[in-house]
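In: Sequence plus predicted model, see below.
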Amino acid sequence: DAGITQSPRYKITETGRQVTLMCHQTWSHSYMFWYRQDLGHGLRLIYYSAAADITDKGEVPDGYVVSRSKTENFPLTLESATRSQTSVYFCASSESWNNQPQHFGDGTRLSIL
Amino acid sequence: AQSVTQPDIHITVSEGASLELRCNYSYGATPYLFWYVQSPGQGLQLLLKYFSGDTLVQGIKGFEAEFKRSQSSFNLRKPSVHWSDAAEYFCAVGAPGRFGAGTRLTVKP
């Protein structure tokens, strides 16, 4: 079925570890986004991508790295996880810049101990 | 800088009653405006969006929203709430979207 798939759905790790959250979409949408959701803050944009090999920082990019070698995949990496990065992470996509974001994944709940 | 305020953290309405969720924004130009709904444990679903033109926008699930430039508002409305509407609602502005903190809707039987 078409959609956005995030993996894993749940992850527990320790401070200082590297962790990668995966995002895969089947629509071939140009734009993809990573958000984190924290109580009282709504969703905050971490990074976004307009196409393969084109990425840009959002509101809270520090401590995160993204890549987009293929249109359908947009992984998010925490290079050295910190407790403040405990959150729920959502990937999203849209077909155009102003029509965004249209589709969200079900999220990854990440806990950093 | 663009920003979004949802003044109500939590709203409770009775099933069948009307609903209005408030959203105020700060934006330099004509904004792109969005409303999303999030059910527990799930991602967000786009309810409706406003780019330009008619200031009353119709969305899915019987929702509508009205853009009022003079009040910098984009309030979400529904004439008769159903129990299944209980969820978290988010307003967003701009591209890329900047989200409000959300309003949690509880529906009483």
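Out: Now that the structure is in, tell me what you want to look at.
In: Chain neighbours aside, what residue packs nearest to the closest residue to chain B within chain A?
Out: Scanning chain A for proximity to chain B using C-beta to the nearest C-beta identifies A:F104 as nearest, at 3.2 Å. No exception for glycine: its C-beta is placed from N, CA and C like everyone else's. Spatially, and ignoring its direct neighbours in sequence, A:F104 is nearest to B:G43 (3.2 Å; C-beta to C-beta, 6 or more residues apart in numbering or on different chains).
In: For the one you found, report the pLDDT, please.
Out: Looking at B:G43, its pLDDT stands at 86.
In: got a list of what the residue of chain A closest to chain B touches?
Out: A:F104 is in contact with A:4, A:90-92, B:43-45, counting by C-beta atoms under 8 Å, 6 or more residues apart in numbering or on different chains.
In: again, only this time at 10 Å
Out: Going by C-beta atoms under 10 Å, 6 or more residues apart in numbering or on different chains, A:F104 touches A:3-4, A:6, A:33, A:35, A:43, A:90-93, B:36, B:38, B:42-46.
In: Take the residues you listed and keep only those in helices.
Out: Using DSSP state H, no member of the contacts of A:F104 falls within helices.
In: got a pLDDT number for residue 6?
Out: Using chain A. At A:Q6, pLDDT is 96.
In: looking at chain B here, not the other one
Out: Reported pLDDT for B:Q6: 96.
In: How many residues are close by it?
Out: By other C-beta atoms under 10 Å in any protein chain shown, the residues close to B:Q6 number 19.
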